[in-house]
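Q: generate coordinates for the sequence data below:
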Amino acid sequence: MLSRLEHQLEGRQYLVGEYTLADIAHAGNIHRLRVLVKSREVLLHKYPNVIAWMEQVENRELQGVRIEICRLTGLYKFTTG
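A: Residues are numbered from 1 along each chain as shown. Below you'll find the model as predicted:
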């Protein structure tokens, strides 16, 4: 899966070029990926596009609403500000 994601992100900041529902839908995997990286089950350094995408999605701001990935549950938490 990561190799496909890496390829899809080649030359792009987001999955289809701009930030869309596709990125939001896949963002739920970010928490799980971080857990797997920490336990050394996944070597993420081989996927620089995926790393950049994860950081972009985690830090994304959209019309004054910050989308934060809750690291403990993997669920989205929407806060204004």
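Q: I'd say residue 54 and residue 32 touch.
A: No - because the distance of 11.2 Å does not satisfy Cβ atoms under 8 Å, residue 54 is recorded as not touching residue 32. The way it works is simple: take the backbone N, C-alpha and C, and place the C-beta from them, glycine included.
Q: those two: which has the busier surroundings?
A: residue 54 (23 against 11; other Cβ atoms under 10 Å).
Q: got a list of what that one touches?
A: 30, 33 (Cβ atoms under 8 Å, 6 or more residues apart in numbering).
Q: all helices for the chain, in order.
A: 2-9, 21-38, 48-58 (DSSP state H).
Q: put together JSON lines for those helices, with distance to residue 15 on each row.
A: JSON lines is the format used below for those (distance: least, Cβ to Cβ, whole Å):
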{"stretch": "helix 2-9", "distance to residue 15": "6"}
{"stretch": "helix 21-38", "distance to residue 15": "4"}
{"stretch": "helix 48-58", "distance to residue 15": "8"}
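Q: okay, now the unreliable bits of this protein?
A: 61-81 (pLDDT under 70).
Q: so how far is residue 56 from the closest residue to residue 15 other than its chain neighbours?
A: The shortest distance from residue 15 to any non-neighbouring residue, by Cβ to Cβ, 6 or more residues apart in numbering, is to residue 22 (4.4 Å). Distance from residue 22 to residue 56, counting by Cβ to Cβ, to the nearest Å: 13 Å.
Q: check residue 2 too.
A: 16 Å.
Q: that older thread, so which of the helices of the chain is the most surrounded?
A: helix 48-58 (a mean of 17; mean count of other Cβ atoms under 10 Å).
Q: only C-alpha atoms, please: export it in PDB.
A: The C-alpha coordinates for helix 48-58 follow below in PDB (Å, rounded to 0.1, in the frame of the first residue of the first chain):
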ATOM      1  CA  PRO A  48       9.500  10.600   1.400                       C
ATOM      2  CA  ASN A  49       6.300  11.600  -0.500                       C
ATOM      3  CA  VAL A  50       4.200   9.800   2.100                       C
ATOM      4  CA  ILE A  51       6.000  11.500   4.900                       C
ATOM      5  CA  ALA A  52       5.500  14.900   3.300                       C
ATOM      6  CA  TRP A  53       1.800  14.200   2.700                       C
ATOM      7  CA  MET A  54       1.200  13.000   6.200                       C
ATOM      8  CA  GLU A  55       2.800  16.200   7.600                       C
ATOM      9  CA  GLN A  56       0.700  18.400   5.100                       C
ATOM     10  CA  VAL A  57      -2.600  16.700   6.100                       C
ATOM     11  CA  GLU A  58      -1.800  16.800   9.800                       C
END
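Q: before I go, just wanted to say thanks for your time.
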